[in-house]
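Asks: Need the 3D shape of this:
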Amino acid sequence: MMSLSGESLSAEHLKISAITPYTSIDYPGYFSAVVFVQGCPWRCRYCHNPHMQSREFHPEYLHSSWQELVNLLKRRQGLLDAVVFSGGEPTLDPALRDAMQQVKAMGFKIGLHTSGCNPEHVKRVIDSVDWVGLDVKASLTDSEAYRWIVGLEISDPARHVSETLEIIQKAQVAYECRTTAHPDYLPDEIILKLARELKDRGVENFALQIYRKPKELDLPFENVGHEYPEPETIETLKKLFPNFELRRE
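Replies: Sure thing, here's the model as predicted:
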């Protein structure tokens with residue numbers, strides 16, 4: 001997304017909702033900080049960060065600044081490997097490209113978490129990115145299911161995600177596809193359908209993230225036990241992908 005004038009903004013304008021100073025799981029294989037960027041066009045039914053959906057900061061939540069991030073990274077040089085820009089949907093922010101470039105100049109790898117909701121936004125920053133975590137919320141051939149999950153009657157969200165995957169692959173950037181799963185909207189047979197589609201698209205890294213209900217949010221799905229997905233489904237996923245991970249937390 002560009003500014004109203006059609007130009008990118010400088011990093012100082014990046015809308016940072018929150019910063020996680022250290023994590024070992026958000027960029028596989030690297031110690032990283034995570035920058036949560038404010039704003040998301042989708043309204044996913046299982047969203048854990050609804051206060052980050054608006055581009056305006058929620059009045060009941062603290063937010064951070066670009067200078068806070070820079071100060072943190074200066075202190076953590078030599079201790080952290082990477083910075084992951086997450087959200088919200090970070091590619092919405094017209095200051096993202098400059099922010100990535102400045103962080104990269106400090107010696108950090110750049111990770112990006114994206115829903116793939118707008119391929120053109122991803123295209124503008126992909127040359128600054130070292131790794132992408134791409135959320136695949138449903139089958140890429142089932143736009144109706146995709147629209148239901150993202151909570152909006154938009155034209156074709158599955159096509160947008162499909163195009164984003166093509167952009168990432170063409171750029172030859174390391175990436176992982178990940179899917180947040182619950183049996184109410186992704187029964188085992190649909191998980192396997194989605195997985196086989198990704199396999200056919202050349203995806204090698206896939207993570208199935210089992211939905212967990214935060215205590216503080218009134219979400220429509222309850223937690224599920226280890227009976228989901230079925231053992232046979234897990235074994236099939238392991239055979240489909242050279243690198244498969246099942247995440248329950």
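
Asks: which residues of the chain score low on pLDDT?
Replies: 1-7 (pLDDT under 70).

Asks: again, 80 this time
Replies: Residues of the chain meeting the criterion pLDDT under 80: 1-7, 154-155, 249.

Asks: which helix in it runs the most residues?
Replies: Longest helix in the chain, counting residues (DSSP state H): helix 157-171.

Asks: Pull out the buried positions in the helix or strand just after that one.
Replies: Toward the C-terminal end, the helix or strand that comes next after helix 157-171 (DSSP states H and E) is strand 174-181. Neighbour counts over strand 174-181 (16 or more other CB atoms under 10 Å) mark 175-181 as buried. Every C-beta, even on glycine, is put in place using the N, C-alpha and C of the backbone.

Asks: Just send those back as JSON lines, with distance to Y146 too.
Replies: Output for those, formatted as JSON lines (distance: CB to CB, whole Å):
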{"residue": "Y175", "distance to Y146": "19"}
{"residue": "E176", "distance to Y146": "19"}
{"residue": "C177", "distance to Y146": "14"}
{"residue": "R178", "distance to Y146": "15"}
{"residue": "T179", "distance to Y146": "12"}
{"residue": "T180", "distance to Y146": "13"}
{"residue": "A181", "distance to Y146": "14"}
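
Asks: if we can go back for a sec, can you list the helices and strands that the longest helix of the chain packs against?
Replies: Secondary-structure packing of helix 157-171 (3 or more CB pairs under 8 Å, 6 or more residues apart in numbering; DSSP states H and E): helix 119-125, strand 131-135, helix 143-150, strand 174-181.

Asks: would you turn these into a markdown table with distance to D200?
Replies: A markdown table is the format used below for the helices and strands packed on helix 157-171 (distance: least, CB to CB, whole Å):
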| stretch | distance to D200 |
| --- | --- |
| helix 119-125 | 19 |
| strand 131-135 | 16 |
| helix 143-150 | 18 |
| strand 174-181 | 12 |
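
Asks: of all the buried residues of strand 174-181, which two lie farthest apart?
Replies: The span of the buried residues of strand 174-181, defined through CB to CB, is set by Y175 and A181 at 19.0 Å.

Asks: Nothing else from me, thank you.
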